[in-house]
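# quick check, what structure comes out for this input:
(2 chains)
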2 protein chains.
Amino acid sequence: MADFRELMKMRRAVRDYEDREVPVSLIREIIIDACEAPSGGNRQPWGFAVVTDRELMKRLSDESKRNLLEDMKTIRSPILRMYRPVLSKAEFNVYYNAPCLVFITGLTGVHSAPADCSLAAAYFMLSAADRGLGTCWIGLGSHIKDRSLLDEMGIPENHRIISTLILGYPRTLPAKPPRNAPKIFRIIG
Amino acid sequence: MADFRELMKMRRAVRDYEDREVPVSLIREIIIDACEAPSGGNRQPWGFAVVTDRELMKRLSDESKRNLLEDMKTIRSPILRMYRPVLSKAEFNVYYNAPCLVFITGLTGVHSAPADCSLAAAYFMLSAADRGLGTCWIGLGSHIKDRSLLDEMGIPENHRIISTLILGYPRTLPAKPPRNAPKIFRIIG
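Down below sits the predicted model:
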């Protein structure tokens, strides 16, 4: 149990995990903490799907990579394009072989859902760090379109994936990526 | 300095503030904490504009209300429409007469910027709570389109407002709005 500001500074994006399961009871506790996040009108428009099955994770990784590579043909994003070589490698798993994968989904039609679910993701990552676990938001792993895969995870038609997080016990902690000085445009008072 | 999980549970959305300025040095510290949030590719695509001038806040409130009422004519959102009566009241200030208003803006063209800035907002709100300050994300207060107002705050053309937060010393703390049991669709493993 760490002081918040200490925790915030020590939390890292973790991509290298011990080969060790995260107990389901612990995953549930972290999800309950995530639900402490504020949301527009307290609507709590979030849902969660948890995957610890390696075979399903591999299929999800392949699906997300395939969709991203397809989308790159039409989306003109230089940032996205940077990822093309790594996404093209068959052996690259976007979830870095983490032992657990959690999708936070948002109720469609709720205007604030993407922001609300991102706040829940922040709480999730901090709560996990507070319990000695590592996480990383995997933007490249959110592009699941195949309805049969979404059905397999129980994600209903009226929810869409907002945040994709991997979770596990860190094997190594990466160095802290440097932060820029804050870009404060103006203080008017 | 509170333990994270304690802090997370005691944080409230505050709309009732003491008539007391927040020192600029403290606002800067909270912004620096917000910048500890993770971001896609560590791009840190956020910017901040801080307003403590009451007259400017009133103009920003009027601008956001006007744009929302206008948008309601075409956007078919039952949730948005709920706010029509309160937005129509001339005396209603969307920022609740808080002593300080902070806009977190995201660099356009960065796909992850809305999520990144929401994570920064979560860190901002938690850091403020950790320092005895209150905040509230004001979704109704983000609809600033008037270029001259954006210029007045120094927000450049290539940034757009993602999160609008009020900040101050709480006069009263509201009761905690209840949380639903988490909607866990499935745990597969």
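# export the helix or strand of chain A with the lowest mean pLDDT as PDB, just CAs?
One helix or strand of chain A scores below all others by mean pLDDT, DSSP states H and E: helix A:78-82, with a mean of 81. This file holds the C-alpha atoms of helix A:78-82, laid out as PDB (Å, rounded to 0.1, in the frame of the first residue of the first chain):
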ATOM      1  CA  PRO A  78       2.400   8.200 -39.900                       C
ATOM      2  CA  ILE A  79       2.400   7.000 -36.300                       C
ATOM      3  CA  LEU A  80       0.300   3.900 -37.100                       C
ATOM      4  CA  ARG A  81       2.500   3.200 -40.100                       C
ATOM      5  CA  MET A  82       5.600   3.100 -37.900                       C
END
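# who touches that helix?
A:68, A:71, A:72, B:41, B:43, B:110, B:111 (Cβ atoms under 8 Å, 6 or more residues apart in numbering or on different chains). Quick note: C-beta positions are derived from backbone N, CA and C, even for glycine.
# of all those, which two lie farthest apart?
In the contacts of helix A:78-82, two members sit farther apart than any others by Cβ to Cβ. They are A:71 and B:43, at 19.3 Å.
# how close does residue A:185 get to chain B?
3 Å (Cβ to the nearest Cβ, to the nearest Å).
# which SS class is that residue?
Secondary structure state of residue A:185, per DSSP: H, G, I helix; E, B strand; the rest coil, is strand.
# that one is in contact with residue B:151, isn't it?
No - using Cβ atoms under 8 Å, residue A:185 makes no contact with residue B:151, being 10.2 Å away.
# if you count surrounding residues, which of those two has more?
residue A:185 (17 against 12; other Cβ atoms under 10 Å in any protein chain shown).
# for residue A:35, give me its contacts.
A:44, A:46, A:120, A:123, B:179, B:180, B:182.
# ranking the residues you listed by neighbours, who comes first?
For those, neighbours tallied by other Cβ under 10 Å; top is residue A:120, 29 neighbours.
# give the contact list for it.
By Cβ under 8 Å, 6+ apart, the contact set of residue A:120 is A:34, A:35, A:37, A:39, A:46, A:104, A:163.
# the fifth one against residue A:115, yeah?
No - no contact is recorded between residue A:46 and residue A:115 when judged using Cβ under 8 Å, the distance being 11.1 Å.
# if you skip the residues just before and after it, what's nearest to residue A:105?
Distance criterion Cβ to Cβ, 6 or more residues apart in numbering or on different chains; nearest residue to residue A:105, sequence neighbours excluded, is residue A:159 at 3.9 Å.
# okay, and for chain A, where does confidence drop off?
A:1-2 (pLDDT under 70).
# strands along that one, start to end?
A:46-51, A:100-107, A:134-137, A:159-168, A:184-188 (DSSP state E).
# from the contact counts, what lies against the fourth one?
Right, the one you point to is strand A:159-168. With contacts taken as 3 or more Cβ pairs under 8 Å, 6 or more residues apart in numbering or on different chains; DSSP states H and E, strand A:159-168 sits against strand A:100-107, helix A:113-130, strand A:134-137.
# which strands or helices does the shortest one pack on?
Packed against strand A:134-137 by the contact rule (3+ Cβ pairs under 8 Å, 6+ apart) you find helix A:113-130, strand A:159-168.
# could you tell me how far the longest one lies from the centre of the chain?
Meaning helix A:113-130. Chain-centre distance of helix A:113-130: 9 Å, with Cα atoms, centre = their mean, to the nearest Å.
# tilt between it and strand A:159-168?
Taking axes from the mean of the first three to the mean of the last three Cα atoms, to 10 degrees, one finds helix A:113-130 and strand A:159-168 inclined to each other by 10 degrees.
# OK, contacts around residue A:162?
A:46, A:104, A:105, A:106, A:113, A:114, A:117, A:118, A:121, A:142, B:115.
# mind listing what's buried in stretch A:86-104?
A:87, A:93, A:94, A:95, A:96, A:98, A:99, A:100, A:101, A:102, A:103, A:104 (16 or more other Cβ atoms under 10 Å in any protein chain shown).
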